[in-house]
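S.K.: for reference, the sequence and a predicted model appear below.
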Amino acid sequence: MNGVVSISPSIFQDQYGRNKRKLRISVTDRCNFKCMYCMPEHPEWMKKQDLLSFEALYQFCDFMVQNGIEKIRITGGEPLMRLGVVHFIRNLQQLRHKGLKRISITTNAHYLTKYAHDLKQAGLDDLNISLDSLNPDQFQFLTKKKLKPVLEGIAAVQSVGLPFKINAVLMKGKNEDQILPMVNWAKHQKIPLRFIEFMPLDGDQHWTKADVVTEQEILKVLSCQFHIQELKQEHEPARLYRLNDEYDVGIISTISHSFCGECDRIRLTAQGELYNCLFATQGLMLKPLLDQLITEKDETIRQILQQALYQKTSTYIWHKAEGFHRIHQHSRKISMHMLGG
């Protein structure tokens, strides 16, 4: 389609009619963990001067909320490694009256003993916490860090009353033996748990289909101990299953089931690239344009964003082709630690 796409000025929408309600912002690519499904062995960090300032990020969030964004999730890398992130969350409260409904963060929990109280006071609504094993030796193998500070961080957010979910990425031969232990632990603790299929976004691009623990394989393990009832999937990526009529576990089956049909997410990297899909081969560099938001010349930016978001594909690349294959190995070097998942 030539020219500017004609869409209601109040909300961004793609060519398949999917309204964009959620914005995920990576505030840093740095992380103190080295999870094998995310971080390359030898990462090349972004230069600090190349990162978007929190002032620019706030202006962008203000602009996006006025154009339909209702939920903002702050990611990394590990977002709590960037100084000023708590103050940024506090500032985002000013956007509530403009339509912002939820402010969240994704973290490895290592720094939550230090920041849980401050995050609560800043107005954070909830957290996603990455935890891929309850076995200390296995956890250290997966992350190159100790498990204890993570469990202490989880206890800290429980103590201040911040809602959170646990996300666990499963990999064949690495941690699929944690399915039942994690479910039983989370069920006992009354913590929501989501299993995630291993995606081809690892830093060194070693992903293969053989490494994926699929949704059906997870359910097969769970069926050994629980009666399973599938629940209706809403607008979230996780498919929910009720175990023994008393506890719900989610599975984000990115590889075995496409859930693109109602995708409402937009992603911004720490240096200002906008991605209309987690697996998009190219992003739109916004950093040079963001100063215009301060001078109220925002219609040009809106048209540029509208065009970029309108072009979002119906589904990601491997669901368009026959069989599975590695994606973006030549066309895109960005990995999970740079985009936040």
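M.R.: On my side now, so go ahead.

S.K.: neighbours of Lys144, how many?
M.R.: 13 (other Cβ atoms under 10 Å). C-beta coordinates here come from the backbone N, C-alpha and C atoms, glycine included.

S.K.: buried residues in the one helix or strand Pro149 maps to?
M.R.: For Pro149, the element it lies in under DSSP states H and E is helix 148-160. Residues of helix 148-160 classed as buried: Pro149, Val150, Gly153, Ile154, Ala156, Val157, Gln158 (neighbour count, 16 or more other Cβ atoms under 10 Å).

S.K.: do stretch 274-282 as well
M.R.: Those would be Leu274, Tyr275, Asn276, Cys277, Leu278, Phe279, Ala280, for stretch 274-282 by 16+ other Cβ under 10 Å.

S.K.: hmm, the fifth one is touching Ile266, no?
M.R.: By that I understand Leu278. No. Using Cβ atoms under 8 Å, Leu278 makes no contact with Ile266, being 10.5 Å away.

S.K.: I figured Asp50 hits Gln271, correct?
M.R.: Yes. Assessed by Cβ under 8 Å, Asp50 is found in contact with Gln271 at 4.9 Å.

S.K.: so those two - more neighbours on which side?
M.R.: A count of neighbours by other Cβ under 10 Å puts Gln271 above the other of Asp50 and Gln271, at 19 against 11.

S.K.: can you tell me which residues contact the more buried one?
M.R.: When contacts are counted by Cβ atoms under 8 Å, 6 or more residues apart in numbering, Gln271 touches Met46, Asp50, Leu51, Leu52, Lys287.

S.K.: one step back: for the helix holding Pro149, the distance to its chain's centre please.
M.R.: Relative to its parent chain, helix 148-160 has a centroid offset of 20 Å by Cα atoms, centre = their mean, to the nearest Å.

S.K.: following that helix, which helix or strand shows up next?
M.R.: Proceeding C-terminally, helix 148-160 gives way to strand 164-170 as the next helix or strand, assigned by DSSP H and E.

S.K.: could you point out which element follows that following strand?
M.R.: Where DSSP H and E defines the elements, the next helix or strand beyond strand 164-170 is helix 179-189.

S.K.: could I get the buried residue list for that following helix?
M.R.: Buried positions in helix 179-189, judged by neighbour count with 16+ other Cβ under 10 Å: Ile179, Met182, Val183, Ala186, Lys187.

S.K.: select the helix or strand of the protein having the lowest average pLDDT value.
M.R.: Scoring the helices and strands of the chain by mean pLDDT, DSSP states H and E places helix 336-339 at the bottom, with a mean of 57.

S.K.: just send the contacts of Gln271 back as CSV, with secondary structure and distance to Val213 too.
M.R.: Listed next are the contacts of Gln271 as CSV, based on DSSP: H, G, I helix; E, B strand; the rest coil; distance: Cβ to Cβ, whole Å:
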residue, secondary structure, distance to Val213
Met46, coil, 31
Asp50, helix, 36
Leu51, coil, 34
Leu52, coil, 35
Lys287, helix, 38
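
S.K.: where in the stretch 101-250 of the chain is pLDDT low?
M.R.: Low-confidence segments of the stretch 101-250 of the chain (pLDDT under 70): 200-207.

S.K.: that one: helices as residue ranges?
M.R.: Ranges of helices within the stretch 101-250 of the chain are 112-122, 136-143, 148-160, 179-189, 215-222, based on DSSP state H, counting those that start in this stretch.

S.K.: can you lay out those helices as CSV showing distance to Tyr241?
M.R.: Putting these into CSV (distance: least, Cβ to Cβ, whole Å) gives the following:
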stretch, distance to Tyr241
helix 112-122, 28
helix 136-143, 24
helix 148-160, 23
helix 179-189, 10
helix 215-222, 7
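
S.K.: ok, which of those helices comes nearest Leu305?
M.R.: Among these, the nearest to Leu305 by Cβ to Cβ is helix 112-122 (27.6 Å).
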